[in-house]
Every structure is written in structure tokens, then in C-alpha cells.
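Next comes the sequence, and after it the predicted model I'd like to discuss.
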Amino acid sequence: MSKLLEKHIVELLGEGNEKAISLLYEHYGDTLYGVALKVVRNEALAQDVLQESFVKIWKKAATYDASKAKLFTWLFRIVRNTAIDKLRSLGTKNEKEIQIDVSDVYTIGVEGLDPELMDMRKHLGRIELKYQVVLEALFFEGMTQQEASDELDIPLGTIKSRLKIGLRELRKIYDPALIALWLLIQGL
């Protein structure tokens, strides 16, 4: 897509002109559907996600800031997050998630883990709020570091530092081997 056309679409979005949605769908619809399909792995769900995403795009049009992200990056994030939310709301899991009970990799020692110790969310309250917020966004909301930076309006370097310090603080609470296993299970 040419920068001129992209700029025109952004202007239309900013004005609340419905033609912007038509142009977005015409130029990005197939690609965004592909993004949704890759996450949900179901054509009907991907179509629902795409429709919900376009509603969100329309409602959030005024929040788009070209200085923070390219138009496609902004659209991509909305579709991806909507797809992830859809999976969570349906209680389904992405095939890439590890199923501990059916995985031969994690059967050694997993039975001996005390579930209370693995309840990270419960124990996050024991560390400073600024670290809690970052860990919550990254581990429990499924955001990437860049997404957390954008969503929380915190510089990426600060996100990385708070992640590192937050994990170090959790290690003081938990057995380091248990934290390492939890991070491995989470795919980090």
C-alpha cells in the first residue's frame, strides 16, 4: 500500500468517515483474516474475529497515533489481541501451548509441585506495584514486551528492566528451581 493511500485512510479514520473501514477492508482484509486464522485455527472463528476487530478499529480510530506505530502494525495488534481474547473466552487453547498432563517432557517432578507455590498471581502482591503491572501484562495477559510498552505507555527498556527485577524479586519468594520450571512451562 502506498504511503499516500495509508495517509488518506488515517485521515478518514480520524474524521470518523466510514469510507475508511471500506478501504481498510479492501486493502488489509485478507491479510488480517490470515492473522486471525493463524491464531484461532478455525475459519468461522477467524471471520468472527475479523468482524469484531473491525468494530474495535472503528471505535478506537481516534486513538491511532502514527508516531507510535505504522497503520498495519496497529491493525495487526488489534486483530491478534481480539483473536487471543476469543480463544480465552471460549476456553480453548492454542496448539502451541504446552499441556503438562499430556507432555512427556514435564512429567518428571511435576507431580511433586505444590499448586499453592505455583500460584504466581496470588504472590505477585508481595512485590512492588510497578513490577506487578509488567509481570501481569507479560505473563497473564499474553502481551509481548513491545505490546506491554505500548499499552502501559512505558518505554520498552523500562519494561525489560522491570521484568528482570520483578523476576528477581519473585525468586526471593520462591525456590529458584521452581521459578525456572514455571518460566519453562510458560515458554519464556
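In hand now; what should we look at? Nothing here was measured: the structure is a model prediction, and the numbers come from that model.

how's the chain carved up into domains?
Per automatic domain parsing, the structural domains of the chain span 3-90, 100-186.

a markdown table for the ones you listed, including mean neighbour count and mean pLDDT?
Placement of C-beta: from N, CA and C, glycine included. As requested, the domains of the chain are arranged in a markdown table below (neighbours: other CB atoms under 10 Å; pLDDT from 0 to 100):
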| stretch | mean neighbour count | mean pLDDT |
| --- | --- | --- |
| domain 3-90 | 16 | 90 |
| domain 100-186 | 14 | 69 |
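
Assign a three-state SS to the residue nearest to K70 when sequence neighbours are not counted, would you?
Once flanking residues are discounted, K70 sits nearest to E6: 7.9 Å by CB to CB, 6 or more residues apart in numbering. Assigned by DSSP: H, G, I helix; E, B strand; the rest coil, the conformation of E6 is helix.

Would you check that E6 makes contact with L71?
Yes. The criterion here is CB atoms under 8 Å, and E6 meets it with L71 at 5.2 Å.

which residues in this structure form helices?
Here the chain has its helices, by DSSP state H, at 3-15, 19-40, 43-60, 71-90, 115-118, 120-123, 129-135, 145-152, 156-173, 176-186.

who touches the first one?
Spelled out, it's helix 3-15. Contacts to helix 3-15, defined as CB atoms under 8 Å, 6 or more residues apart in numbering, come from residues 19-20, 23-24, 27, 57, 61-62, 64, 66, 70-71.

I'd guessed H123 sits against E169; true?
No. The criterion here is CB under 8 Å, and H123 misses it with E169 at 10.2 Å.

where does the residue nearest to the spatial centre of the chain fall, phi/psi-wise?
Centroid-nearest residue in the chain, with CA atoms, centre = their mean: M143, separated by 3.2 Å. The phi/psi pair for M143 (degrees, to the nearest 10) reads phi -80, psi 150.

OK, contacts around A36?
45-47, 49-50, 53, 79-80, 82-83.

My error: substitute A46 in the last question.
Here A46 is in contact with 33, 36-37, 40, 83 (CB under 8 Å, 6+ apart).

Make a markdown table from the residues you listed and add distance to E136 to it.
Converted to a markdown table, the contacts of A46 look like this (distance: CB to CB, whole Å):
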| residue | distance to E136 |
| --- | --- |
| Y33 | 30 |
| A36 | 25 |
| L37 | 28 |
| V40 | 24 |
| A83 | 20 |
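
what sits against the nearest residue to V35 once chain neighbours are set aside?
Spatial nearest neighbour of V35, chain neighbours left out: V79 (4.9 Å); criterion: CB to CB, 6+ apart. When contacts are counted by CB under 8 Å, 6+ apart, V79 touches 32, 35-36, 49-50, 53.
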